[in-house]
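K.L.:
Fold the following for me, if possible:
(2 chains)
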Amino acid sequence: MDELRSLYRHRQLIAALTARDLKARYRGSILGFFWSLANPLLLLGVYTLVFTRFFPQQVVTPYPLFLFAGILPWTFFSAAVLESTVSISGNAGLIKKVMFPAEALPLVVVLSHLVHFALAIPILLVATLIFMLLGKVTIGVTILLVPVIMLLQTVFVAGVAMTVSSASVLFRDLRDIITNLMQLGFFITPIIYLIDRIDSRPLRALLRLNPMTPFVIAYQHILFFGSLPSLSDTLLMIAYAFVSIATGFFVFDRLRDTLAEAI
Amino acid sequence: MSDPSITVSHLSKNYRLLGTRSQFATLKSALLKRDLKLAPEAGVPALKDISFAVDRGEAFGIVGRNGSGKSTMLKIISGILKPTTGIVSVQGRIAALIELGAGFHPEITGRENVYINGIMLGLTRREIDARFDRIVEFAGIGDFLDQPVKTYSSGMYVRLGFAVAVHVDPDILLIDEVLSVGDEEFSQKCIAKIQEMKYRGVTLIFVTHQLEQVRKLCDRALWLDHGEAAAIGDPARVVDGYLQLVSGTQAAPPKPEEPKVEAAKSDEAPEEERWGSGEVILRRVALTDDKGRELVALGAGTPVTIEMDVDVRAPQTDFVFGIGIYHADGTCVYGTNTELEGLAPQKLDANGRVRFVMPSLDLVAGSYRVDAAVHTRNGRAFDYRRGCIRFIVGSRVHDTGVYRPKHSWKFDGGIDLVATDTLTRNVPASIAEALRETEKKKK
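P.N.:
Numbers count the residues shown, from 1 in each chain, chains lettered A, B, ... in the order given. Presented below is the predicted three-dimensional model:
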């Protein structure tokens, strides 16, 4: 639990670095944080087009809103994990030249992507409101659960980020592996389809092994269907979050002393 | 020695070689065993069994060639790297100037970077608020404060980095070769700031190639050679040993029994310290009066000559004679050499005598020592004799300081004071004797 203590001790630093990250990213760009939305919106547009026009066999309506609920948490996960692979090696100066708590770096990446995610939620709500006015959907009170799921997901993502950030200092090709896994992961997570519509039982079980599955399903439940996530999904989320952060701390702790040398 | 701020004992550091195939092994071993250290022999040794202690408020220099382990040493002290074996213990807050502005982000403003850098160095936001104006003033970057750091010149970048680091109020300041950056003016400012910090009791560790700085600023120095401690001790002596090596002279030192590693602090040692390459020797150095008689105790204002009998073993064309007079507490009273006074070397091809004549030596009572040296113009010693003469200045008056200008008191008007005999009251018998003798001579 040294990591936890260290992270608490450096909370001001982490907050300042996250703010710096966000500021630096959008300074000099006109559209500011909307760029962070460009990717999910593009995905949204493409898949909406494909599944409502090219192969009009919509699983759910309104399909764009369903997609939106899944794409946002997925983008948070994949962008944060991908970027965390270079969070340490990209800050070699800090690790080698300053007394710096290395564990802050992946966490800063996760937090700044969490901010993007959180800023996209109002846009999702506006979209939901528009569909509601068109009479196509209703908003449930379950939407109030979003912060809870976000917290669980953040813990999960932070654990993965800590693992990959430290490990990729030693395995430079980890980033390439993860880039490809993320492409695959997008399709084996029920984002563009409903897991219940899959007939093959073993395939469904396989999809459930993907740790992002219960999170995405939970978001779809509370944002789109207006229902509570199932008990099994809730337990799975808690379990994945716990295992992930424990693994993250474990791996980071073992690699920490070699980071400054191996970088 | 009683109050060490940094203690390094039997420190060794091996860098592991990261081969492409060994990576899997290391990650696996990292996850299975508790640490990633391979067997100590399976790496490149960077430091070998180094031990030393640095007292609170001491300035400690580390010199050595590139790759000798200086920066590794600093990084281990600062906690950036972990020692392979051995123990490093540090008391107090450290600020490490290993690379100035290392934590700066180019896209955000100087102001924001000051805050982030300060937090990285362990300050809270409020503490930075309190120091902010001083930091900005010291850095002297003016209107650029609210510009992104990427627009800064390298000098401004470094100035801001230095300004933040020294205003952290560390107990220990580690400085790695950073004073050589920036212009002359800023460099002077940095040195003044460092001296101020030293005065306030901050422990300083320098790594530098600017040997003059080590000589001037440091109380002790460590010379690392291929990861081993080649010498620890008096900075002038350590620097000189290093210079000898760098200039490639392999001549034997004048005293073969001279210890290579000297662990004890040297400045209070009563014995003479001596080093040099030995082509020219100061066979005898003595303090004499105007009749050529050797003196050990003298009164203030006595005419005094420092005599150096010089033996030439190999003729030289590049040579400088120098003397220094120090108070027992280490304060330099006066130092000069022939180079400083514009005396160009003409020949040094046979034995001879050099005399440094002072018509009157106006010092207050106390013990003093004299350093005498003959060296090349770039500072490589042929023979350097530290503390080769020790002498006592006696006085009937216990005034303070080191220098006693010739003076007298005059009183006018309604003020009158009368002289009393201070001699018998204040001065030990032996010195009083010497004083009376000099006074008799004057009459």
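
K.L.:
Just name whatever secondary elements the helix or strand in which B:I116 is found is in contact with.
P.N.:
Per DSSP states H and E: B:I116 is located in helix B:110-120. Here helix B:110-120 touches helix A:11-26, helix B:125-139, helix B:154-166, going by 3 or more CB pairs under 8 Å, 6 or more residues apart in numbering or on different chains; DSSP states H and E. Bear in mind the C-beta positions are built from the backbone N, C-alpha and C, glycine included.

K.L.:
tell me the angle of the second one relative to helix B:110-120?
P.N.:
Going back to what we said before, that points to helix B:125-139. 120 degrees (axes from the mean of the first three to the mean of the last three CA atoms, to 10 degrees).

K.L.:
Quick one: mean pLDDT over helix B:125-139.
P.N.:
Helix B:125-139 carries an average pLDDT of 90.

K.L.:
what's the spacing between that helix and its chain's center?
P.N.:
Helix B:125-139 sits 30 Å away from the centroid of its parent chain (CA atoms, centre = their mean, to the nearest Å).

K.L.:
Pull out the buried positions in stretch B:314-334.
P.N.:
B:Q316, B:F319, B:V320, B:F321, B:G322, B:I323, B:G324, B:I325, B:Y326, B:H327, B:V333 (16 or more other CB atoms under 10 Å in any protein chain shown).

K.L.:
Quick check, B:V333 in contact with B:V393.
P.N.:
No. Under the criterion of CB atoms under 8 Å, B:V333 is not in contact with B:V393, lying 10.4 Å apart.

K.L.:
Which residues are in contact with each of these two?
P.N.:
Applying CB atoms under 8 Å, 6 or more residues apart in numbering or on different chains, one finds that B:V333 and B:V393 are jointly contacted by B:L363, B:Y368.

K.L.:
Is B:F382 in a helix, a strand, or coil?
P.N.:
Of the three states, B:F382 takes strand under DSSP: H, G, I helix; E, B strand; the rest coil.

K.L.:
So which bits of the stretch 101-250 of chain B are right by chain A?
P.N.:
B:102-103, B:105, B:107-108, B:112, B:115-116, B:119-121, B:124-125, B:148 (CB under 8 Å from any CB of the partner chain).

K.L.:
Among these, the buried ones, what's the ChimeraX command?
P.N.:
Per 16+ other CB under 10 Å, the buried members of these correspond to this ChimeraX selection:
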select /B:102,103,105,107,108,112,115,116,119,120,121,148
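
K.L.:
Which residue in the residues of the stretch 101-250 of chain B next to chain A has the weakest pLDDT?
P.N.:
Pick the lowest pLDDT in those and you get B:A102, at 75.

K.L.:
Give me the pLDDT value at the closest residue to that residue other than its chain neighbours.
P.N.:
Nearest non-adjacent residue to B:A102, counting by CB to CB, 6 or more residues apart in numbering or on different chains: A:K97, 3.9 Å away. A:K97 is assigned 79 on the pLDDT scale.

K.L.:
For B:D176, see how far away A:K97 is.
P.N.:
9 Å (CB to CB, to the nearest Å).

K.L.:
Give me the common contacts of these two.
P.N.:
Listed as contacting both A:K97 and B:D176 by CB under 8 Å, 6+ apart are B:A96, B:I98, B:E99.

K.L.:
residues in contact with the second one?
P.N.:
Shown in contact with B:I98 (CB under 8 Å, 6+ apart): A:K97, A:V98, B:S71, B:L74, B:K75, B:S78, B:I80, B:L174, B:D176, B:V178.

K.L.:
Kindly tell me how buried the third one is, as a neighbour count.
P.N.:
What that stands for is B:S71. Using other CB atoms under 10 Å in any protein chain shown, B:S71 has 21 other residues around it.

K.L.:
And it, how far from A:K97?
P.N.:
10 Å.

K.L.:
Also the fifth one?
P.N.:
Taking CB to CB as the measure, B:K75 falls 9 Å from A:K97.

K.L.:
Surely B:A231 is within a strand?
P.N.:
Yes. Applying three-state DSSP, one finds B:A231 inside a strand.

K.L.:
Settle this for me: it is touching B:L243, isn't it.
P.N.:
No. In this structure B:A231 lies outside contact range of B:L243 using CB under 8 Å: 11.7 Å.

K.L.:
Who has more neighbours out of these two?
P.N.:
B:A231 (23 against 19).

K.L.:
what about the residue most central in space within chain A, which SS state?
P.N.:
Closest residue to the average C-alpha location of chain A: A:F77 at 2.0 Å, with CA atoms, centre = their mean. What three-state DSSP gives for A:F77 is helix.

K.L.:
residue contacts, it?
P.N.:
A:Q153, A:F156, A:V157, A:V160, A:M212, A:F215.

K.L.:
Return the member of those nearest to B:T288.
P.N.:
A:V160 (81.7 Å; CB to CB).

K.L.:
Who are the packing partners of the host helix or strand of the closest one?
P.N.:
Assigning secondary structure by DSSP H and E places A:V160 in helix A:146-170. Contacts defined by 3+ CB pairs under 8 Å, 6+ apart place helix A:146-170 against helix A:63-84, helix A:104-133, helix A:174-187, helix A:212-219, helix A:231-262, helix B:22-32.

K.L.:
One more pass at 10 Å, please.
P.N.:
Helices and strands touching helix A:146-170, by 3 or more CB pairs under 10 Å, 6 or more residues apart in numbering or on different chains; DSSP states H and E, are helix A:2-9, helix A:63-84, helix A:104-133, helix A:174-187, helix A:212-219, helix A:231-262, helix B:22-32.

K.L.:
So what does the residue nearest to B:A102 look like in phi/psi?
P.N.:
phi -110, psi -10 (degrees, to the nearest 10).

K.L.:
okay but it is in contact with B:G103, surely?
P.N.:
Yes. In terms of CB atoms under 10 Å, A:K97 counts as a neighbour of B:G103; the distance is 8.1 Å.

K.L.:
Helix A:63-84 and the helix holding A:V160, what's the angle between them?
P.N.:
Going by the same axes, to 10 degrees, helix A:146-170 makes 40 degrees with helix A:63-84.

K.L.:
B:R380 against B:G276, yeah?
P.N.:
Yes. In this structure, B:R380 is within contact of B:G276 by CB under 10 Å, at 8.4 Å.

K.L.:
So which of the two has more stuff around it?
P.N.:
Shown here are B:R380 and B:G276; by other CB under 10 Å, B:G276 has more neighbours (26 against 18).

K.L.:
Using the three-state scheme, assign the residue of the stretch 301-443 of chain B found nearest chain A.
P.N.:
In the stretch 301-443 of chain B, the residue that lies nearest chain A is B:G379 (31.2 Å; CB to the nearest CB). Here B:G379 is coil, with the state taken from three-state DSSP.

K.L.:
So it versus B:F60, what's the distance?
P.N.:
Taken as CB to CB, the span from B:G379 to B:F60 is 20 Å.

K.L.:
and what of B:P148?
P.N.:
On the measure of CB to CB, B:P148 and B:F60 end up 37 Å apart.

K.L.:
thinking again about what came up before, quick one: which of the contacts of A:F77 is nearest chain B?
P.N.:
A:V160 (15.8 Å).
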